[in-house]
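**Student:** Structure here, sequence nowhere to be found:
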């Protein structure tokens, strides 16, 4: 492993009880005072929960199934990440301010850190979540390819940090529960990655109807074709190969790695799985949301 990578808490720090990338919180006033527009659509996920997949689907809906329009730029430029900031390389707020309406906005923020203007303007919000064990596996590989992130000492050590909420965006449990509470609002659509893997047609129709569009068979077919895992993995506009090499090392692992449900079985030793599941039950005992860790 590279020895030049930074130490963990050089990069991340506690921010209102949530571990965050210090480069993002350095300019937090820009995020907090962000002015949402009434026709903004917000896509929210905990990291590594399918945000690129659902973002591409939503962009296809907005572009009425025009694949060529979706290939005009990278997904992170078409749908900027609200809080993402890396000096001159990336500035989500600046990108969004320059976009014409209607804007699609992406964020990984827990509900308590979301700028108030999204609630004040009654914006529509899509929340996509994924089972915790697959999230932690995918997050581990993400750490390995991000050049400015410290390498985890081991998968087991990373799982421990995940359980403690000592990963960027904090506790998965708190994140899911905070957005589940918000989903009582009819403007918030709460979705599951596993449901999308099980029946993508059903879930695409659900998204189109939530966005008050016509779910024609032709549109749905085009979306399903364009946003299949293999298509997106090979598409430079969605596979993150357009990010500068100083930020990401796709030789270590592709950004879009497997996109399946149940890959955790290939990574969790039995003792760690038992410990994780015990901790999970404790954390989620008061939450009615049920996840499927296999299909």
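**Tutor:** Received it, and whenever you're ready, just let me know what you need. Remember, it's a predicted structure, so these values are computed and weren't measured experimentally.
**Student:** In its sheet, which strands sit next to the helix or strand bottoming out on mean pLDDT in the chain, and in what direction?
**Tutor:** The least trusted helix or strand in the chain, going by mean pLDDT, DSSP states H and E, turns out to be strand 85-86, with a mean of 90. Next to strand 85-86 in the sheet, as set by DSSP bridges, lie strand 90-91 (antiparallel).
**Student:** How far does the partner strand sit from its chain's centre?
**Tutor:** 17 Å (Cα atoms, centre = their mean, to the nearest Å).
**Student:** what's the answer for stretch 67-87, then?
**Tutor:** 13 Å.
**Student:** what comes up buried for it?
**Tutor:** Within stretch 67-87, the residues scored as buried using 16 or more other Cβ atoms under 10 Å are 70, 74, 75, 76, 78, 79, 80, 81, 82, 83, 84, 85. For the C-beta atoms, the positions are set from N, CA and C on the backbone; glycine is no exception.
**Student:** Same question for stretch 230-246.
**Tutor:** 232, 235, 237, 238, 239, 240, 243.
**Student:** what residues does that stretch touch?
**Tutor:** 52-53, 56, 70-76, 78, 89, 147, 225, 248, 250, 254-256, 259 (Cβ atoms under 8 Å, 6 or more residues apart in numbering).
**Student:** at 10 Å what do you get?
**Tutor:** For stretch 230-246, contacts defined as Cβ atoms under 10 Å, 6 or more residues apart in numbering pick out 52-53, 55-57, 59, 67, 70-78, 86, 89-90, 145-148, 224-228, 247-248, 250-251, 254-259.
**Student:** For whatever helix or strand residue 201 lives in, buried residues please.
**Tutor:** For residue 201, the host element (DSSP states H and E) is helix 200-210. Across helix 200-210, burial judged by 16+ other Cβ under 10 Å covers 200, 203, 204, 205, 206, 207, 208, 210.
**Student:** can you redo those residues as JSON lines with pLDDT and distance to residue 102?
**Tutor:** Shown next, in JSON lines, are the buried residues of helix 200-210 (pLDDT from 0 to 100; distance: Cβ to Cβ, whole Å):
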{"residue": "200", "pLDDT": "98", "distance to residue 102": "24"}
{"residue": "203", "pLDDT": "98", "distance to residue 102": "21"}
{"residue": "204", "pLDDT": "98", "distance to residue 102": "19"}
{"residue": "205", "pLDDT": "98", "distance to residue 102": "20"}
{"residue": "206", "pLDDT": "98", "distance to residue 102": "19"}
{"residue": "207", "pLDDT": "98", "distance to residue 102": "15"}
{"residue": "208", "pLDDT": "98", "distance to residue 102": "15"}
{"residue": "210", "pLDDT": "98", "distance to residue 102": "14"}
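**Student:** Could you identify the most distant pair in those?
**Tutor:** 200 and 210 (15.3 Å; Cβ to Cβ).
**Student:** Figure out the helix or strand that residue 138 lives in.
**Tutor:** Going by DSSP H and E, residue 138 is in helix 132-145.
**Student:** what packs against that helix?
**Tutor:** helix 155-164, helix 172-182, helix 193-198, helix 270-284 (3 or more Cβ pairs under 10 Å, 6 or more residues apart in numbering; DSSP states H and E).
**Student:** between it and helix 270-284, how many degrees?
**Tutor:** Helix 132-145 and helix 270-284 are oriented at 110 degrees to each other (axes from the mean of the first three to the mean of the last three Cα atoms, to 10 degrees).
**Student:** quick one: helix 132-145 to chain centroid distance?
**Tutor:** The answer for helix 132-145 is 12 Å, by Cα atoms, centre = their mean.
**Student:** Stretch 15-28 now?
**Tutor:** Distance, centroid of stretch 15-28 to centroid of chain: 17 Å (Cα atoms, centre = their mean).
**Student:** now do stretch 252-265
**Tutor:** 14 Å.
**Student:** Residue 275 and residue 106: what is the separation?
**Tutor:** Remark: distance between residue 275 and residue 106 (Cβ to Cβ, to the nearest Å) = 33 Å.
**Student:** counting contacts, what elements does the helix holding residue 201 pack onto?
**Tutor:** Contact analysis of helix 200-210 by 3+ Cβ pairs under 10 Å, 6+ apart lists helix 51-62, strand 124-129, strand 188-192, helix 193-198, helix 217-226 as its packing neighbours.
**Student:** Pairing partners for the shortest one, with directions?
**Tutor:** According to DSSP bridges, strand 188-192 forms sheet pairs with strand 124-129 (parallel).
**Student:** Please name the residues that touch residue 27.
**Tutor:** 83, 85, 87, 91, 93.
**Student:** State the pLDDT value of it.
**Tutor:** Reported pLDDT at residue 27 in the predicted model: 93.
**Student:** re the thing from before, return the set of buried residues in the helix holding residue 138.
**Tutor:** So, applying 16+ other Cβ under 10 Å, buried residues of helix 132-145: 132-143, 145.
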